[in-house]
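# Predicted coordinates and the sequence they were generated for:
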Amino acid sequence: MRRKLFFWELGGFLFTGALGTLLHFAYEWSGGSVLAACVSAVNESTWEHMKLLFVPLFLFSVLQACLLGRNYPDFLAVRALSTLAGLALVPVLFYTYTGALGRSVTWVNIAIFYLADLGAFLLDFALLRRGKLSAGWMQILGLAALWGLAFCFVWCTFHPVRLPLWRDPVTGVYGIP
């Protein structure tokens, strides 16, 4: 079972990395489609880059819950925690290194995305193997957290908060340009 889980988590890491990379360009490729705006980055803000991690991770979670969830009664709580950890890594790593260097470096930004992706799935793998978050209320809270995040990412694309996390550092725009 541990080996099967490892390959699921590896597949999730690869899927999230590949789809997240494609979603970076999907809004522009779509000609500014509202549907594309819901799931892809509409600008270069840190928030929109967090969405690039969340959307594929969320989609993979739905698939994984359907095909593997019965084997892991703590799946929803664990996935919510690992998703939140991965999402937190993006701004923590980005603002730490840009604060230290005083500038942004493209290849480091790309590396941060993949490190956050890896971090999420490594934590997920470790927690699922332990199986300690299986209480019913934890599963409900995990499901609510994942769907709440999905709502927030869509909502804040169209109604961004006027804080630096949502500000495009290239154009100074919040949300859809």
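The structure has been received and is ready for your questions.
# make it CA atoms for all contacts and neighbour counts henceforth
Fine.
# which stretches of the chain form strands?
Counting by DSSP state E, one finds no strands in the chain.
# which stretches of it have low pLDDT?
Low-confidence segments of the chain (pLDDT under 70): 1.
# so where do the helices sit in it?
Using DSSP state H, the helices found in the chain span residues 2-29, 34-39, 46-68, 75-101, 106-130, 136-158.
# From the chain's centroid, how far away is the last one?
Taking the mean C-alpha point of helix 136-158 and that of its whole chain, the gap between them comes to 12 Å (C-alpha atoms, centre = their mean, to the nearest Å).
# which other helices and strands contact that helix?
Applying 3 or more C-alpha pairs under 8 Å, 6 or more residues apart in numbering; DSSP states H and E, one finds that helix 136-158 contacts helix 34-39, helix 46-68, helix 75-101.
# For residue 23, which of those is the nearest?
helix 46-68 (6.3 Å; C-alpha to C-alpha).
# Can you give me the buried ones in that closest one?
If you call a residue buried by 16 or more other C-alpha atoms under 10 Å, then helix 46-68 has these buried ones: 46-58, 60-61, 64-65, 68.
# With stretch 31-39 instead?
So, applying 16+ other C-alpha under 10 Å, buried residues of stretch 31-39: 36-39.
# Centre of the chain to it, how far?
Worked out by C-alpha atoms, centre = their mean, stretch 31-39 lies 18 Å from the chain centre.
# Find the nearest non-adjacent residue to residue 20, please.
Once flanking residues are discounted, residue 20 sits nearest to residue 52: 4.7 Å by C-alpha to C-alpha, 6 or more residues apart in numbering.
# so the one you found touches residue 18, yeah?
No: counting by C-alpha atoms under 8 Å, residue 52 stays clear of residue 18, with 10.1 Å between them.
# distance of the residue nearest the centre of the chain from residue 149?
Closest residue to the average C-alpha location of the chain: residue 54 at 2.3 Å, with C-alpha atoms, centre = their mean. Distance of residue 54 to residue 149, given as C-alpha to C-alpha, to the nearest Å: 8 Å.
# What residues does the nearest residue to residue 60 once chain neighbours are set aside make contact with?
Nearest residue to residue 60, sequence neighbours excluded (C-alpha to C-alpha, 6+ apart): residue 12, at 6.3 Å. By C-alpha atoms under 8 Å, 6 or more residues apart in numbering, the contact set of residue 12 is 57, 60, 121.
# Also residue 135?
By C-alpha under 8 Å, 6+ apart, the neighbours of residue 135 are residue 74.
# 10 Å instead, please
Taking C-alpha atoms under 10 Å, 6 or more residues apart in numbering as the contact definition, residue 135 lies against 73-74, 77.
# All good on my end, thank you.
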